[in-house]
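Peer 1: Sharing a sequence plus its predicted fold:
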Amino acid sequence: MSDKKKLPQKPVHKPSQSKEFVEARRVHAETKKMKKLKELNQEYDFVKKNNLGKKQITKIEEQINSLTTKSVEGEVLPAGTLSKQEYFNKLHKIKDDIKEYHIDFAVFMNELNQNYGREVKNPDGTIFTRPSGLTYSEMADELKIARSSISKWIQIGSHRMIKDNRNELPMSFNALYELVTFEKTLMKDLGNRDGSKKFDSLLTNNIDAGMTSNEIKELVSIHDKRMRSKKKKEIESKFHKTDESKTFEYTEKIYNLPELVKTKIWFNSIVLIPTEDQLKHWKSLGPTTYIAEDFPLHDLRNTSHVGSVNIFIRVKAEYLDVVFLCLRAWGFNFRDIFIPSNKEEQLISATGDYIVIQGERGKTPQYDKPMNIVSTDSEDIMKYAEKISTKPNVIIGEVIKRKEWTICIDEPAR
């Protein structure tokens, strides 16, 4: 039997079908189906009208049903109803379209501003002004959108992530803007170069098209916590390095707060006697960050790795809410409250009475039994502080000369 070489088979040529051709075939098939349905309905009416038999009617009904229903995974669907997969396919496409529309809107908004806007940001960060250019208000009025959103759209449209990571970006406007502001935060905290590198890494490894603005905010929150922790460690390290090689010599000098902060002496016991004007002022400031900026008492705290730092604040009971704001502002936790003794069985208002609130930071000392302060006099509070804490000590707000206590008098807030 002789070996015969197999001739290579000629590939079958399948002509490519254009979209127009496919659509024409679909229309033809649909027209043919509708014509058949019309004929079956006429036949059905004739058979039923003339009572030509139930078997014949059933046969025609089956033929009609076969043309007006479809079966998907064994389930018969009514005419015009999409399958689950068909719904998902359409929704995926719409979702992608929404993202594309958002991105395109941002890109064209940026181009509009670059070409016709009144204020245009140059690559080097400088602003070019076009006196006759469009203002944000004019753009907003024309597009019927909020003026405040114009700047956000422009920032999104001008960001490099649009070019480099378009497919991985979230679909919502809020999420896109959160990303833009996140990079600014990273650049501020880490420097322009390292911040941009960190942002690019997050885009590649942590950001995907399905993320919401809240999920991006969570990433921002994680970064903020890390930065606060890092800053805290750096400050405490600086405190320790400075404090280990320094022995504080007490002087008769009476400091004000800025002068005392500059000495870089950090205290384990702080007694604060604020005036009513100061308390009212701190209450008016509201957020604790404003109180900390106005009166940076936290800059006098020692580190609290092995021991505790205590603060005692004497106020009238009516200012208790302000004291809790101050404790948070200066980085202390509430520890205890000392009130005048009341031998009456009934409860009485303490609004006009002086009380002492103890705040604490760090390791809590263990007492054999609760201790009391003899009175609300400043010197009695100082004596109590000496019992439960260690020096250095400072009293702020009154001149009480006591051994190994620094004195600080700060002018009441105006």
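Peer 2: The structure has been received and is ready for your questions.

Peer 1: In space, what's closest to K198 - neighbours in sequence excluded?
Peer 2: In space, and not counting its chain neighbours, K198 is closest to L186: 5.1 Å by CB to CB, 6 or more residues apart in numbering. Backbone N, C-alpha and C define where each C-beta goes, glycine included.

Peer 1: Over to Y384?
Peer 2: Using CB to CB, 6+ apart, the closest residue to Y384 is I373 (4.6 Å).

Peer 1: isn't there a strand covering the one you found?
Peer 2: No. Secondary structure of I373 (DSSP: H, G, I helix; E, B strand; the rest coil): coil, not part of a strand.

Peer 1: rewinding a little: just the element for the residue nearest to K198, please.
Peer 2: helix 173-190 (DSSP states H and E).

Peer 1: now the helices for this structure?
Peer 2: 19-49, 54-68, 84-116, 136-143, 147-158, 161-164, 173-190, 192-205, 213-244, 257-262, 276-285, 288-294, 320-329, 378-388 (DSSP state H).

Peer 1: for the ones you listed, which one sits closest to V356?
Peer 2: Distance to V356, taken as CB to CB, is lowest for helix 378-388 among the helices of the chain, at 6.0 Å.

Peer 1: rewinding a little: show me the contacts for the residue nearest to K198.
Peer 2: D194, G195, S196, K198, F199, H223 (CB atoms under 8 Å, 6 or more residues apart in numbering).

Peer 1: ok, which pair from those residues is furthest apart?
Peer 2: Maximum distance among the contacts of L186 (CB to CB): 14.3 Å, for S196 and H223.

Peer 1: what residue ranges in the stretch 201-350 of the chain are flagged as low confidence?
Peer 2: 235-251, 304-306, 344 (pLDDT under 70).

Peer 1: Apart from its chain neighbours, what residue comes closest to the residue nearest the centre of the chain?
Peer 2: By CA atoms, centre = their mean, the chain has its centre lying nearest to K217, at 3.0 Å. Once flanking residues are discounted, K217 sits nearest to E178: 6.2 Å by CB to CB, 6+ apart.

Peer 1: That neighbour: how many residues sit nearby?
Peer 2: Residue neighbour count, defined by other CB atoms under 10 Å, stands at 20 for E178.

Peer 1: Please apply the same query to V399.
Peer 2: Residues near V399, counting by other CB under 10 Å, number 10.

Peer 1: distance of it from K84?
Peer 2: 81 Å (CB to CB, to the nearest Å).

Peer 1: Stretch 117-136: how far from the chain's middle?
Peer 2: 30 Å (CA atoms, centre = their mean, to the nearest Å).

Peer 1: Start and end of it, how far apart?
Peer 2: Terminal residues of stretch 117-136 lie 8 Å apart, using CA to CA, to the nearest Å.

Peer 1: Looking only at that stretch, what residues are buried by neighbour count?
Peer 2: G117, R118, V120, K121, L134, Y136 (16 or more other CB atoms under 10 Å).

Peer 1: Give me the mean pLDDT for it.
Peer 2: Across stretch 117-136, pLDDT averages out at 84.

Peer 1: do stretch 168-177 as well
Peer 2: For stretch 168-177, the mean confidence score works out to 88.

Peer 1: before we move on, what about stretch 82-89?
Peer 2: Here the average pLDDT along stretch 82-89 is 79.

Peer 1: what comes up buried for it?
Peer 2: Result for stretch 82-89 [16+ other CB under 10 Å]: no buried residues.

Peer 1: How far does that stretch sit from its chain's centre?
Peer 2: Between the centre of stretch 82-89 and the centre of its host chain there is 35 Å, according to CA atoms, centre = their mean.

Peer 1: what does stretch 296-310 give?
Peer 2: 30 Å.

Peer 1: Over to stretch 298-316?
Peer 2: Taking mean C-alpha positions (CA atoms, centre = their mean), stretch 298-316 and its chain are 31 Å apart.

Peer 1: For I395, list the residues it contacts.
Peer 2: I270, V271, L272, I273, S378, M382, R402, W405, T406, I407, C408.

Peer 1: Using CSV, write down the CA coordinates of the helix holding L186.
Peer 2: Included here for helix 173-190 are C-alpha records, laid out as CSV according to Å, rounded to 0.1, in the frame of the first residue of the first chain:
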residue,chain,number,x,y,z
PHE,A,173,-18.5,61.4,40.1
ASN,A,174,-18.0,61.4,43.9
ALA,A,175,-15.6,58.5,43.8
LEU,A,176,-13.6,60.1,41.1
TYR,A,177,-13.3,63.4,43.0
GLU,A,178,-12.3,61.5,46.2
LEU,A,179,-9.4,60.0,44.3
VAL,A,180,-8.3,63.5,43.1
THR,A,181,-8.3,64.9,46.6
PHE,A,182,-6.7,61.7,48.0
GLU,A,183,-3.6,62.3,45.8
LYS,A,184,-3.3,65.9,47.1
THR,A,185,-3.4,64.6,50.7
LEU,A,186,-0.7,62.0,49.9
MET,A,187,1.5,64.6,48.3
LYS,A,188,1.1,67.0,51.2
ASP,A,189,2.0,64.3,53.8
LEU,A,190,4.7,62.4,51.8
